[in-house]
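**Q** Sharing a sequence plus its predicted fold:
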Amino acid sequence: MSLTELSITELHSRLARREVSALEVARAHLDRIEALDPMTVRAMLTVTRDHAERQARAADARLTAGETAPLLGIPVVLKDVLTTRGIRTTAGSKILERFVPLEDGTITQRLAEAGTIMLGKSNMDEFAMGSSTENSSFFPTRNPWDLDRVPGGSSGGSAAAVGAEFAPFSLGTDTGGSIRQPGALCGVIGFKPTYGRVSRYGLIAFASSLDQIGPFTRTVEDCALVMNAIAGHDPCDSTSLQAPVPDYTAALQKEPSLKGVRLALPREYFDVEGMEPGVEAAVKAAINQLESLGAELGEVSLPHTRYGLATYYLIAPAECSANLARYDGVKYSLSIREPGAGLWDVYERSRGEGFGREVKRRVILGTYALSSGYYDAYYLKAQKVRTLIKQDFDSVFEHYDAVVGPTSPTVAFPIGAKTQDPLAMYLNDLFTIPTSLAGLPGISVPAGLSNGLPVGLQIIGKALDESGVLRIAHAFEQSTHWHTLRSPIAQMDAATARSA
Amino acid sequence: MISATPVSPSTPTAAKYEAVIGLECHVQLATHSKMFCGCPSDYSGAPPNTHVCPVCLGMPGVLPVINRTAVEYTLLTGLALNADIPEATKFDRKNYPYPDLVKGYQISQYDLPLVKGGWIEITVEGQTRRIHLERVHLEEDTGKLTHVSGGSLVDFNRSGVPLMEMVSQPDLRTATEAREYLRKLRTILRTLGVSGADMEKGQLRCDVNVSLRPVGQAKLGTKVEVKNLNSFRSVQRSLEYEIVRQAAALDAGETIPQETRGWVEERGVTVTQRSKEEAHDYRYFPEPDLPPIFVSADWVSTLRSRLPELPDAKRDRYIATFGLGTADASALSIDQWAARLFEDTVAAGADPKKAANWIQNDVSRLHDETSSDGHTLDAAHLAELLRLVDDGVIGISAARQVLPSVYQSGRSPRTLVDELGLAQVSDSSALEASVREVLAANPAPVADYHSGKLTAINFLKGQVMKATRGKANPAVAEDLLKKLLDE
């Protein structure tokens, strides 16, 4: 078995036993990325070999000194929206093409302290706006299950990197589904923690009240290990929560059982127009599996679900219209200055050429929603509906431990299929957006195939009940084989690829 | 000063109109660190862009953290202004593009400011009036642009310095009232220790809103905002100018356009900067990076217990304890330096009324002229000087003469009086020779006196003072004159 096939847990035991060095592990992954990525999925925007090898040597020194931290020597890929000191961070945008941050974000730093090895930065929809990674200013990323299809988005590069076995785990960010949806489409675990559970300091903001960092892994146990490293209060992020962080692996049981666990099935997440029958069938089978593990199921209603998209597309653009104002062509961003050009020319040319279509669409939408005379009708109304959506979940959680349903209404779609129709693209996030608006933790776990492409099961928990979500996901995973299926690209051997 | 402006001064127009004035002040808070990051907030003298970090540069990925001290300084100010402290407050984003604004938005407060209402009492020409405040809120300062040939330079040292915005209601009626309001405000801020409040250093910045309406009319006229006011004097002068300008325009049947005007110090005029049509839509919305702040009653009462004695309380105490008149008490209480000197001088044994009188006149003139040279007047010395006068050792004019030397040298008045030979001569035998000389040299006034013009003695007394270079005790000199004339 090659090193790149191994999960975090498996790599950890080999590293801890000194059967393999962190440098060997890092190089195996870097070699695989360099051999396969450019001609296949194109998950990576920047590969940081020197940096990774330096970190690997440091990890080896710590391992030699007897340290056995769970992530010590484990490779990781970071979504290019997380700032990395001295390593360019683009947020998938031409406007930040040459931006080199002065400092690591909190999570980049916590991972470094935990001993992880950063292999590079992954591709994404520009400023995390999109559901297919086709909005990257640089190039689209492809799905490791079918290179003609999208990996989902906006964290498509991070999802594809784990699905293609370029790294045992990666980090993405989720604003309206940007971890869970690509997780589902690439057949990996994608976990969005409770809003405020993981520090946003160093996360280039799209929509501040929704953005949240979370992991992609190939097993639920790995997901729990990563959460142990990244969760917790950060004094630099005033919206990060003070609540103590439990050991997330403690929630995982050896014998998969869901006895006494009450699961709610929202009517609004099934029988929806545009839902693929194959997805619905796989999700229903998964639910039967949960029941067979002892879970009690009940049908519920989340009546404001249908307003989720509209609410999201007012709040998120409003916030982004302010968050993206700093890219003005004067400071670190792309600056187009023609001789004799005035200040406004610099603003307009730099932003006009630096931002892509979807970003401009949302900045304009958000600017409009906040404008004098429209604020009450749009932004304020959306905030009120957001409260109603949150209350929908609150009342369900009075009687249930978690909500389950599909992550995305479809499997991965062909590249270019929805780029001309923003509304069709937005519908991908129908089931993930309400969770984001409510700030709740949600996970997508592999739950079968439809036409040979992965389907994700979404499990949504109460605020700060990451443990409960992980426990259910783990029980499901342990009683099914879906997470063991490998994408065609994952099965490609780097050496074979090179000779071909 | 006003007649030097291009506005026609032909009619006393100002009397026909009432000015309605409101002030919007920005106050830099004297916190150690900036509003949302750990950079030092005192940037005076620092080379450009040296007091900066990713947060106050608005780099991608950074987040703000609220400076608790800045919040407390704002709450203290609110308490000092007798204002309401709402329980819930929050920050908002104020969106506008400008190269000195790093994020493209300013973190400010919109509908839930930290402080609501409040008032400041001002005394002008013996009349005490309450000027109400609309609100006080907290925000971050911007960077500073310097325009040079071929471009503009930006210094972000000031970016993110805590800034308190204080908006008055349009309660002011004259330029003098506006200046007094500012003086009182400055004293309150300095007494609280929340700001240096130095206008020349930009720690206290002020925009004025002014409109005119016919005397007796309730409806307000169109307001004009005047910016770029860098001193108390420019606030007063620009208002005086605007009142005359607007009155002349109204007299000529013109309408006043709503606009922003800038004060041009060198020319003593205001000029159009921006009309209302160009006004911004700031698209305020709640700052999602900062949770709301809840101000508990406990927090407020802790802060209240930290309040020092404020100018109004000081004024009342001066009246009650020292028997000062309202005008003297008000004037001393709004000047921290004068108030301290007054209390110390009285503590050193001086008569309060005399001390107040001296401090407000000779001493304050001297202080204003020389305040930048680092000298101070020792209260014990001032008390000693007053005692020398009371005891008849020196006269008032000698005391006035010796005061600058005391101030500059820091030496005791007694010593200086002795050195300079200023002690007054109260011994009539010592004065007799001088008096006789004066009588001999001025036969005409002497004759006048003898013919019944008794006031001629004043001239003769003046001649004695002159002959003794001011050292004669005037009362003793007069007695002696009378005695010799009547002989």
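**A** Yep, that arrived. Numbers count the residues shown, from 1 in each chain, chains lettered A, B, ... in the order given.

**Q** C-alpha from now on. contacts and neighbour counts both.
**A** OK.

**Q** and residue A:296, what are its bridge partners?
**A** The partner list for residue A:296 in beta bridges (DSSP bridges) reads residue A:262.

**Q** Please name the nearest non-neighbouring residue to residue 210.
**A** I went with chain A, as the question did not name one. Nearest residue to residue A:210, sequence neighbours excluded (Cα to Cα, 6 or more residues apart in numbering or on different chains): residue A:175, at 5.0 Å.

**Q** switch to chain B, that's the one I care about
**A** Residue nearest to residue B:210 in three dimensions, not counting chain neighbours: residue B:21, with 4.5 Å by Cα to Cα, 6+ apart.

**Q** right, and the helix or strand after whichever strand or helix holds that neighbour?
**A** Using DSSP states H and E, residue B:21 sits in strand B:17-28. Going down the chain from strand B:17-28, the next helix or strand is helix B:68-80, by DSSP H and E.

**Q** Against which helices or strands is the helix or strand containing residue B:131 packed?
**A** Under the criterion of DSSP H and E, residue B:131 resides in strand B:127-140. Packing partners of strand B:127-140 (3 or more Cα pairs under 8 Å, 6 or more residues apart in numbering or on different chains; DSSP states H and E): helix B:68-80, strand B:105-108, strand B:115-116, strand B:119-124, strand B:162-168.

**Q** out of the ones you listed, which comes closest to residue A:494?
**A** Checking these against residue A:494 by Cα to Cα gives strand B:105-108 as the closest, at 48.3 Å.

**Q** Extract the C-alpha set from that closest one and format it as PDB.
**A** The C-alpha coordinates for strand B:105-108 follow below in PDB (Å, rounded to 0.1, in the frame of the first residue of the first chain):
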ATOM      1  CA  TYR B 105     -15.300  50.900   5.200                       C
ATOM      2  CA  GLN B 106     -14.900  52.500   8.600                       C
ATOM      3  CA  ILE B 107     -16.000  50.600  11.700                       C
ATOM      4  CA  SER B 108     -18.300  53.100  13.300                       C
END
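
**Q** Which strands or helices does it pack on?
**A** Partner elements for strand B:105-108 (3+ Cα pairs under 8 Å, 6+ apart): strand B:92-95, strand B:127-140.

**Q** Could you give the bridge partners of the closest residue to residue A:405 other than its chain neighbours?
**A** Nearest non-adjacent residue to residue A:405, counting by Cα to Cα, 6+ apart: residue A:458, 5.3 Å away. Beta-bridge partners recorded for residue A:458 (DSSP bridges): residue A:405, residue A:444.

**Q** and residue A:458, what does it touch?
**A** A:180, A:404, A:405, A:406, A:407, A:442, A:443, A:444, A:445 (Cα atoms under 8 Å, 6 or more residues apart in numbering or on different chains).

**Q** Run through chain A and note the low-pLDDT ranges.
**A** A:497-500 (pLDDT under 70).

**Q** Name the residue closest to the centre of it, please.
**A** residue A:179 (2.4 Å; Cα atoms, centre = their mean).

**Q** Report the separation between it and chain B.
**A** 19 Å (Cα to the nearest Cα, to the nearest Å).
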